[in-house]
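K.L.:
next come a sequence and a model predicted from it.
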Amino acid sequence: MRAPPIQITLTACVLVFLTIAFVLLQPSKPNLHWQSQEAAIHAAHEPDVGGHVIMGKLGNETIKAELGRSTWKLLHTMTARFPLEPTSEERTALKQWITLLSRLYPCGECAEHFQVLLKQYPPQTSSRDAASQWACAVHNKVNERLEKPMFDCSLVADMYQCGCDEEEGSEEVGLI
Ligand SMILES: Cc1cc2nc3c(=O)[nH]c(=O)nc-3n(C[C@H](O)[C@H](O)[C@H](O)COP(=O)(O)OP(=O)(O)OC[C@H]3O[C@@H](n4cnc5c(N)ncnc54)[C@H](O)[C@@H]3O)c2cc1C
């Protein structure tokens, strides 16, 4: 029997090599970090909560300033207490809350500006630190536009205490 031509042998070798390489490369998929997988699955089911600003112009400057102070306090305290290592579901919750805030904020003109800011600086939710620094930076952007002093974001964790010591013990603090 005659030996097969060299081209057929080479083609067969290449095909065998490609098959082995394909099979060996398959297990790399499960090596993805579990949170990335979870994030991908979650993102597929994540409802889009974005949309237009709902409230009208808020003319009263005193109410606008009080509302602003309270809201910043809430946002900075929320990010200061956000989990150190949030799950993808927790990350989505924060992102959606901020997106909804940009729709429902009772000062319509502020919300319009905030929506533009969110497009430029999307919420960072990968960790407590990332979220806190993001909130501080965005607040500074608003400060800049309103010609208010900039805040040193390295101080944000001291300013908005997490109060996380309470979480260390298993006892529920403050409950009678
Ligand atoms: C999302 C959003 C959008 C707004 N848009 C407008 C707008 O378009 N027009 C308008 O007139 N008002 C707007 N405001 C309100 C405005 O930002 C102020 O809250 C308001 O003018 C009162 O200012 P304030 O000087 O008391 O300090 P605030 O800016 O309310 O800050 C309160 C306190 O937070 C601390 N702080 C300051 N900067 C930071 C920071 N970067 N990080 C952490 N802590 C900080 C300081 O101790 C400060 O005293 C907006 C508020 C919010 C929440």
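P.N.:
Happy to help now that I have it.
K.L.:
name the SS class of the closest residue to the ligand within the chain, please.
P.N.:
Nearest residue of the chain to the ligand, counting by Cβ to the nearest ligand atom: residue 68, 2.1 Å away. The way it works is simple: take the backbone N, C-alpha and C, and place the C-beta from them, glycine included. Following DSSP: H, G, I helix; E, B strand; the rest coil, we place residue 68 in the helix state.
K.L.:
quickly note the distance from the closest residue in space to residue 56 that isn't next to it in sequence to residue 92.
P.N.:
Spatial nearest neighbour of residue 56, excluding adjacent residues (Cβ to Cβ, 6 or more residues apart in numbering): residue 108 at 4.8 Å. Residue 108 is 26 Å from residue 92, where distance means Cβ to Cβ, to the nearest Å.
K.L.:
looking at these two now, which is surrounded by more residues?
P.N.:
residue 92 (19 against 13; other Cβ atoms under 10 Å).
K.L.:
the more buried one sits in which helix or strand?
P.N.:
Here residue 92 is covered by helix 88-104, with elements defined by DSSP states H and E.
K.L.:
wait, what's in contact with the residue of the chain closest to the ligand?
P.N.:
If a contact means Cβ atoms under 8 Å, 6 or more residues apart in numbering, then residue 68 has 107, 110 as its contacts.
K.L.:
just the pLDDT for residue 100.
P.N.:
Among the per-residue scores, residue 100 holds a pLDDT of 97.
K.L.:
you'd agree it is up against residue 49?
P.N.:
Yes. Counting by Cβ atoms under 8 Å, residue 100 does reach residue 49; the two are 5.4 Å apart.
K.L.:
buried ones in stretch 125-135?
P.N.:
125, 128, 130, 131, 132, 133, 134, 135 (16 or more other Cβ atoms under 10 Å).
K.L.:
the last one: what secondary structure?
P.N.:
Recorded secondary structure, residue 135: helix (three-state DSSP).
K.L.:
what of the first one?
P.N.:
The three-state label given to residue 125 by three-state DSSP is coil.
K.L.:
near the ligand, which residues of the protein? Just list them.
P.N.:
Contact residues (Cβ under 6 Å from any ligand atom) of the chain with the ligand: 64-65, 68-69, 71-72, 76, 105, 109-110, 113-114, 136, 139-140, 142-143, 146, 148, 151, 156, 159.
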